[in-house]
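**Student:** next input, structure requested:
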Amino acid sequence: MNRKASPDARSWLDWFGVAVASGCAVHCLLLPLWPLIGMALLADPAVERGALIASALLATVAIGHGACARHRRVFPVIVMVAGFALYLGKDAMGETAEPFLLAVGAALVSCAHLMNLRCHRAGTTQ
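**Tutor:** Alright, predicted model coming up:
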């Protein structure tokens, strides 16, 4: 049988993306506090790198599929790329601003997932 998945059946990927990106934003905002409360492992750059890679891959798959195959709207992709730009430019403003840049970038990626969900539900095509 060749059945197409409904927009709701694929929405779990975007909801998971919202959760991962939101968790990333909270992690970044709490970054200066992790060592103070005895959780220095969460301040490890490898944890940060892993979270950013997971968020970026998940967003690329979910939002990319939506833009290319489902709703054909480009705005969620633009917001996602803006979030990625902040991920990549995190070191440009210095160590003090890094958690905030990452949190804003993660918030943008999370918003892009929500926009993607909305476009799926609207079923619109450009």
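**Student:** looking at the protein, which helix is longest?
**Tutor:** For the chain, the longest helix by residue count, based on DSSP state H, is helix 98-122.
**Student:** may I see the buried residues of that one?
**Tutor:** Across helix 98-122, burial judged by 16 or more other C-beta atoms under 10 Å covers 98-117, 119-120. For glycine as for every other residue, the C-beta is placed from the backbone atoms N, C-alpha and C.
**Student:** can you tell me the closest non-neighbouring residue to the most centrally placed residue in the chain?
**Tutor:** Closest to where the C-alpha atoms of the chain average out (C-alpha atoms, centre = their mean) is residue 109, at 3.5 Å. Using C-beta to C-beta, 6 or more residues apart in numbering and skipping the chain neighbours, the partner closest in space to residue 109 is residue 83 (3.9 Å).
**Student:** next, that neighbour: secondary structure please.
**Tutor:** Classification of residue 83 using DSSP: H, G, I helix; E, B strand; the rest coil returns helix.
**Student:** before we move on, back to that, and the longest helix of the chain, what does it pack onto?
**Tutor:** helix 7-29, helix 45-65, helix 75-88 (3 or more C-beta pairs under 8 Å, 6 or more residues apart in numbering; DSSP states H and E).
**Student:** make CSV out of these and add distance to residue 36.
**Tutor:** Shown next, in CSV, are those (distance: least, C-beta to C-beta, whole Å):
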stretch, distance to residue 36
helix 7-29, 14
helix 45-65, 16
helix 75-88, 25
